[in-house]
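Engineer: Here's my sequence, what's the structure:
(chains A, B, C and D)
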Protein chains: 2
Amino acid sequence: MPELNARQISQLPPLAAIRVFEAVARHLSFTKAAGELGMTQAAASYQIKLLEERVGAPLFLRRPKQIVLTEAGQRLAPAVSEAFALLSGAYAAARSGADGVLCVSTLLTFASNWLARHLGSFQVAHPSLAVRLDTSNRVVDFTREDIDIAIRSGGGTWPGVEVHKLFNADFTPVLSPQLAASIGGVKEPADLLRLPILDPGDPWWRDWFIAAGLPVEELARRPGSSMGAQAYEANAAIAGQGVAIVTKALFSAELADGRLIQPFDLVGDDGHAYWLVYPQARRNVPKIRAFRDWILAEIAGR
Amino acid sequence: MPELNARQISQLPPLAAIRVFEAVARHLSFTKAAGELGMTQAAASYQIKLLEERVGAPLFLRRPKQIVLTEAGQRLAPAVSEAFALLSGAYAAARSGADGVLCVSTLLTFASNWLARHLGSFQVAHPSLAVRLDTSNRVVDFTREDIDIAIRSGGGTWPGVEVHKLFNADFTPVLSPQLAASIGGVKEPADLLRLPILDPGDPWWRDWFIAAGLPVEELARRPGSSMGAQAYEANAAIAGQGVAIVTKALFSAELADGRLIQPFDLVGDDGHAYWLVYPQARRNVPKIRAFRDWILAEIAGR
DNA sequence: GTTCGGGCATAAGGCCTCCTTATGGGCCGT
DNA sequence: ACGGCCCATAAGGAGGCCTTATGCCCGAAC
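Structural biologist: From the prediction side, this is the model:
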């Protein structure tokens, strides 16, 4: 790759004039070039004159009815054309090529339980768009990380970003049917007390217990470790290791095929939700629109 | 060579912003890049923001103490560097490369009788400068022909050009010593009437005859053809075919070595002269200065 | 922990570039 | 000879772009 140094850069020609020169050299006409560039013939004449003064030599010979390149102009024109083709290509690539890869920052559970199952239809709809998932529970800063769009959970109030609610982050206990059967079925909330509670320190449990009219003191005494993500706890629940409290919407498949059951209709809700977020300034970037439109339709369509 | 079409050109990025981007990508610092470009950090920030909006994607990630290129930026940067290197090279070549060839439009006689004998010392002094002679008696129009500098004869009043007088276009008869001897020597002007006059229609003859007190009627009756250039007529004179009327300064060598003799001190002068001319606007172009300085010194040095 | 410094972002304001309109000259074709 | 095409030039104006000034953030150092 060619190396540039400060001296070379500082000696770059006036770029606006070079752009005009390229067009004039291609058309061999000031008037036509000006037309192409959307300016007047006088402006083109001005820029060429400027450039000729900088170069120190005429670039065109003004013949009646037609202009021709001087020797100096002939030297300059091909390189300028090539340089502009390069620029044009790279610029186009950066513009739409940014379309090439969509970087989605997503919460672990949302990725494994929702995106993993639906992303296929997005790929089908946008075959030229590769999706890179960046899974973490941090709240990403779009100005510091190379992320296009993110799934977050929370109150939905973040500055500088566009937000769309996907679904409420409600929560309700789930467990495997085998585990429920082991105590003769789970008929009322209190039955849960006879089973292991997965991550009993999760505030959701406390909220739900209160809503269900159960005592919370006992919860606090239970030993327990948080696995840090609903997906892990749900897997433990499926394996029959205990009762997990999760967001229904993320486990519709497990609930539908019976790997998990929801013993009670009671659903807690702390006002949080899952949100789609992206920088306001980029709301019209094609790939971001595409993903937004797709995910909202996908959520609504169920 | 890459082809450009109007659509591509119209989609070129803002070039000023691209120039800033190139510098920032090289330094990975807004402040340093701005310094290199001789502008403030705020200006660089402004341009990058502008470009990012046009591209539709961030080009840099703002990390504390340092910025890094985003994926889009990484795609753009190498091509931009390459394009600028191309431009820079071509521009430099057009600037100094214009130094490479000096196109001199010259009168035929001046070329063969003066330049041909002196040009060697110019080549020695400027070995990197190739001289292309364009010989014709037209008055070249610098805006229509690819000419850097010209030798003209005339009154010295042309608009838009810088002029330097080389020497007066004086005129006096010359002939070969053998021809003079054939009539027993040429002692007084009237002796010329006994010899063939080369190009008797030339106004110079009329002027000189009048100055010498000879009758001009006889001149007009003589048959004669103009050869169109002093050099041709001088050659005819050297061959003994007649008497030519020429500018002394252009035939100093022939007069010195005796191939031609100047029988009379009487020299005509119609106020014309030989001039060095070039466009005023280009008076500081190195190769033009070089040629001007050389030829004036060479003329003065004799 | 607090302060200092480096680096980028942003706002307001002004200059100067660059474009437009208008006009003229040169040359060609009818 | 005259109208049309094309480029050059002058005058005038708008807006892009740069500057100054200020704020914020973060990390380093004491």
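Engineer: any idea how far chain B is from the residue nearest to residue A:266 when sequence neighbours are not counted?
Structural biologist: Distance criterion CB to CB, 6 or more residues apart in numbering or on different chains; nearest residue to residue A:266, sequence neighbours excluded, is residue A:212 at 5.7 Å. Heads up, the C-betas are built off the backbone N, CA and C, glycines and all. Taking CB to the nearest CB, to the nearest Å as the criterion, residue A:212 is separated from chain B by 47 Å.
Engineer: what helix or strand does residue A:274 sit in?
Structural biologist: Assessed by DSSP states H and E, residue A:274 sits inside strand A:273-279.
Engineer: Show me the contact partners of that strand.
Structural biologist: Identification of contacts with strand A:273-279 by CB atoms under 8 Å, 6 or more residues apart in numbering or on different chains yields A:107, A:110, A:142, A:148-154, A:156, A:158, A:160-169, A:247, A:249, A:288, A:292, A:295-296.
Engineer: Which of these fall in helices?
Structural biologist: Of the positions in those, A:110, A:288, A:292, A:295-296 sit in helices, assigned by DSSP state H.
Engineer: Which entries within the residues you listed meet the buried criterion?
Structural biologist: Listed as buried from the ones in helices among the contacts of strand A:273-279 are A:110, A:288, A:292, A:295; burial here means 16 or more other CB atoms under 10 Å in any protein chain shown.
Engineer: Tell me which two of those residues sit farthest apart.
Structural biologist: Using CB to CB, the two most remote members of these are A:110 and A:288, lying 17.7 Å apart.
Engineer: how far off helix B:71-96 does the helix ranked longest in chain A point, in degrees?
Structural biologist: Longest helix of chain A, by residue count under DSSP H: helix A:71-96. Helix A:71-96 and helix B:71-96 are oriented at 180 degrees to each other (axes from the mean of the first three to the mean of the last three CA atoms, to 10 degrees).
Engineer: list the contacts for residue A:109?
Structural biologist: Residue A:109 neighbours (CB under 8 Å, 6+ apart): A:229-231, A:247, A:250.
Engineer: Switch those residues over to CSV; also include distance to residue B:122.
Structural biologist: Listed next are the contacts of residue A:109 as CSV, based on distance: CB to CB, whole Å:
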residue, distance to residue B:122
A:229, 84
A:230, 87
A:231, 85
A:247, 89
A:250, 87
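Engineer: so which two of those are the farthest from each other?
Structural biologist: Greatest spacing in the contacts of residue A:109, by CB to CB: A:229 and A:247 (11.6 Å).
Engineer: Any idea what the most centrally placed residue in chain A is bridged to?
Structural biologist: Taking CA atoms, centre = their mean as the criterion, residue A:149 is the residue nearest the geometric centre of chain A, at 2.3 Å. On the basis of DSSP bridges, residue A:149 is bridged to residue A:104.
Engineer: Quick check: residues of chain A near DNA strand C?
Structural biologist: Chain A comes close to DNA strand C at residues A:14, A:16, A:20, A:34, A:38-40, A:42-43, A:46-47, A:50, A:64-65, as judged by CB under 7 Å from any atom of the strand.
Engineer: Give me the lowest-pLDDT entry from the contacts of residue A:109.
Structural biologist: Taken together, the contacts of residue A:109 show their lowest pLDDT at residue A:229, with 76.
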